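Peer 1: Just a sequence and a predicted model for now, questions to come.
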Amino acid sequence: MCVAVPAKVTEIKGEMATVDFGEGVTKPVNIILVNAKVGEYVLVHAGFAIQVISEQAAKENLELMEKIA
């Protein structure tokens, strides 16, 4: 099973963005597949942002992931 994790875009440089997964965890991801802007939330899978999602959807997704873990 593949899992995409929500993260907030904090910086964009060309095709790469820095995203914040929470609790101080930030990573660079490729945003070539989406039209993301700073401040938006994206689903990240295998180093790529694959979808822009709402803040509410991101929070709901994170809550479900916490319950599973």
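Peer 2: Received, thanks. Residues are numbered from 1 along each chain as shown.

Peer 1: Next, please give the residue ranges for the helices of this structure.
Peer 2: 55-68 (DSSP state H).

Peer 1: Flag the shaky bits of it, pLDDT-wise.
Peer 2: 1 (pLDDT under 70).

Peer 1: hmm, try it at 80
Peer 2: The model of the chain has pLDDT under 80 over residues 1-2, 69.

Peer 1: just the strands in it please.
Peer 2: Under the criterion DSSP state E, strands of the chain are mapped to 5-13, 16-22, 25-30, 41-45, 48-53.

Peer 1: elements contacting the first one?
Peer 2: This means strand 5-13. Contact analysis of strand 5-13 by 3 or more CB pairs under 8 Å, 6 or more residues apart in numbering; DSSP states H and E lists strand 16-22, strand 25-30, strand 41-45, helix 55-68 as its packing neighbours. (C-beta placed from N, C-alpha, C; glycine too.)

Peer 1: Mind doing that once more with 6 Å?
Peer 2: When contacts are defined as 3 or more CB pairs under 6 Å, 6 or more residues apart in numbering; DSSP states H and E, strand 5-13 packs onto strand 16-22, strand 41-45.

Peer 1: What of the shortest one?
Peer 2: When contacts are defined as 3+ CB pairs under 6 Å, 6+ apart, strand 41-45 packs onto strand 5-13, strand 48-53.

Peer 1: One more: the last one?
Peer 2: Counting by 3+ CB pairs under 6 Å, 6+ apart, the packing neighbours recorded for strand 48-53 are strand 41-45.
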